[in-house]
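# please work out how this folds:
(one chain, ligands or ions: 1)
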Amino acid sequence: MEIEKKFTPSQNFFPGREIPCSVIVYHYTEGGPAESCVEIFHRPDGVSAHFIVDRDGNIIQMVQMEDRAKHAGVSEWNGITNVNDFSVGIEICNWGPLRKVGDDYFCGRPERQQKFLGTNVFQDEKGSFWEKYSDIQIEAVIQLTIYIMERFPQITLENITGHENVARPIGRKIDPGPAFPWEKIKEEIKKLLNK
Ligand SMILES: [Zn+2]
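Prediction:
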């Protein structure tokens with residue numbers, strides 16, 4: 001499968017891989033448009049991910065899949081530490097948690113919070129609010145996931161996971177959060193793989 005993407009390289013990565021890539025980790029950016037995330041990944045000595053998926057479905061690549069992006073931090077998957085060594089990281093543009101004040105929602109970290117200008121709001125079973133992922137964005141995530149799985153056959157459906165599941169200590173990260181449509185994504189991927 002070919003996908004449309006733009007490449008704007010980040011200098012934040014470890015070159016090459018010593019163990020095969022077998023995991024995909026989804027994140028949310030906790031931010032606005034993709035450009036703000038690109039800017040962060042261009043900062044010297046900072047973090048990165050292989051891909052960013054914008055709210056309109058556009059895909060930006062920042063690290064080659066043969067190299068290791070700095071996306072997972074202190075992490076573990078199936079008993080193996082340092083998930084950056086054997087994973088591809090995908091950042092999905094989304095604010096994560098929203099705070100409701102009157103009729104308005106606010107997003108971003110408390111010290112630089114701003115009014116949420118979107119209309120896609122998800123409420124979890126505890127009553128908390130989150131930015132909902134758009135359908136076109138999730139469709140792009142699915143296409144991108146298939147593209148990565150074709151490159152690395154060691155990646156199984158079970159090894160497609162979220163930052164919240166690999167970050168250590170447990171609870172250090174909560175992305176991609178309860179608004180992320182895991183069931184829909186896994187079902188669609190299964191369907192496409194069986195084609
Ligand atoms: Zn993350």
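# which helix or strand contains Ile52?
Ile52 belongs to strand 51-53 when assigned by DSSP states H and E.
# in its sheet, what does that strand sit against?
Looking at strand 51-53 with DSSP bridges, its partner strands are strand 59-61 (antiparallel), strand 87-92 (parallel).
# of these, flag the one that's most buried.
strand 87-92 (a mean of 27; mean count of other C-beta atoms under 10 Å). In short, each C-beta sits where N, CA and C put it, glycine included.
# check contacts around Leu192.
Taking C-beta atoms under 8 Å, 6 or more residues apart in numbering, we find Leu192 in contact with 142, 146.
# any chance you could map the helices in the chain?
For the chain, the helices defined by DSSP state H cover 34-41, 135-151, 163-166, 182-193.
# so which of those helices is the most surrounded?
Highest mean neighbour count among the helices of the chain (mean count of other C-beta under 10 Å): helix 163-166, with a mean of 21.
# which strands and helices sit next to it?
strand 23-28, strand 76-77 (3 or more C-beta pairs under 8 Å, 6 or more residues apart in numbering; DSSP states H and E).
# got the CA coordinates for it in CSV?
Provided in CSV are the C-alpha atoms of helix 163-166 (Å, rounded to 0.1, in the frame of the first residue of the first chain):
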residue,chain,number,x,y,z
HIS,A,163,1.4,5.1,25.0
GLU,A,164,-0.7,4.6,28.2
ASN,A,165,0.0,0.9,27.9
VAL,A,166,3.8,1.0,27.4
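# who's in contact with that helix?
Defining contact as C-beta under 8 Å, 6+ apart, one finds that helix 163-166 is touched by 23, 25-27, 71-72, 75-77, 83, 87, 173-177.
# same list, these, but only the ones touching the ion.
With C-beta under 5 Å from the ion as the criterion, the members of the contacts of helix 163-166 in contact with the ion are 27, 175.
# still on that earlier bit, in TSV: the helices and strands packed on helix 163-166, plus mean neighbour count and mean pLDDT.
As requested, the helices and strands packed on helix 163-166 are exported to TSV (neighbours: other C-beta atoms under 10 Å; pLDDT from 0 to 100):
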stretch	mean neighbour count	mean pLDDT
strand 23-28	25	98
strand 76-77	18	98
